[in-house]
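Colleague: Test case, fold it:
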Amino acid sequence: MRLVSFVQVLLLLGIAAYLALVTLENPGLVRLPLPLGSGELSVPVGLGVTVFLLLGALFTGLLLLPGLWQARMRRVREARLRRAAEERLAATLQARLGAMTPTESDRSGA
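Modeller: Take a look at the predicted model:
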């Protein structure tokens with residue numbers, strides 16, 4: 001999972017570097033084609049860079065979300081199992097202490 005996160009960060013940095021290069025090479029307006037081929041949208045370069053950086057960050061966040069969710073669920077499950085084991089051990093210890101007769105406790109204390 002760490003390799004995937006590393007690649008995602010590199011991808012985001014590459015997109016940011018490319019957009020910074022486009023910004024430096026093309027001051028002014030950038031024409032972006034609309035998805036269905038019905039024209040284009042002219043936006044300032046800074047706004048275009050900001051929008052694409054936010055989209056890249058959102059994409060990276062969505063790719064990281066399943067791993068973070070699984071780690072959280074694993075921690076919750078481990079805590080629940082640990083608590084149950086501690087309760088079983090405490091109950092066993094109390095049962096053994098309760099089952100001991102006073103003579104047994106005298107011998108074990110010596």
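
Colleague: Now stretch 54-66: buried residues?
Modeller: 56, 60 (16 or more other C-beta atoms under 10 Å). Where C-beta positions appear, they are placed from N, C-alpha and C, glycine not excepted.

Colleague: report the longest helix in the chain, please.
Modeller: helix 45-99 (DSSP state H).

Colleague: tell me the mean pLDDT over it?
Modeller: For helix 45-99, the mean pLDDT works out to 88.

Colleague: for stretch 21-33, how far is the first residue from the last?
Modeller: Terminal residues of stretch 21-33 are spaced 19 Å apart (C-alpha to C-alpha, to the nearest Å).

Colleague: Show me how far it is from its chain's centre.
Modeller: How far stretch 21-33 lies from its chain's middle: 33 Å, per C-alpha atoms, centre = their mean, to the nearest Å.

Colleague: Run through who's touching that stretch.
Modeller: The list of residues contacting stretch 21-33 from outside it, by C-beta atoms under 8 Å, 6 or more residues apart in numbering, reads 39-46, 48-49.

Colleague: Could you do stretch 48-57 as well?
Modeller: Counting by C-beta under 8 Å, 6+ apart, 11-12, 15-16, 19-20, 22-23, 30, 32, 43 sit against stretch 48-57.

Colleague: buried subset of these?
Modeller: 12, 15, 19, 23, 30.
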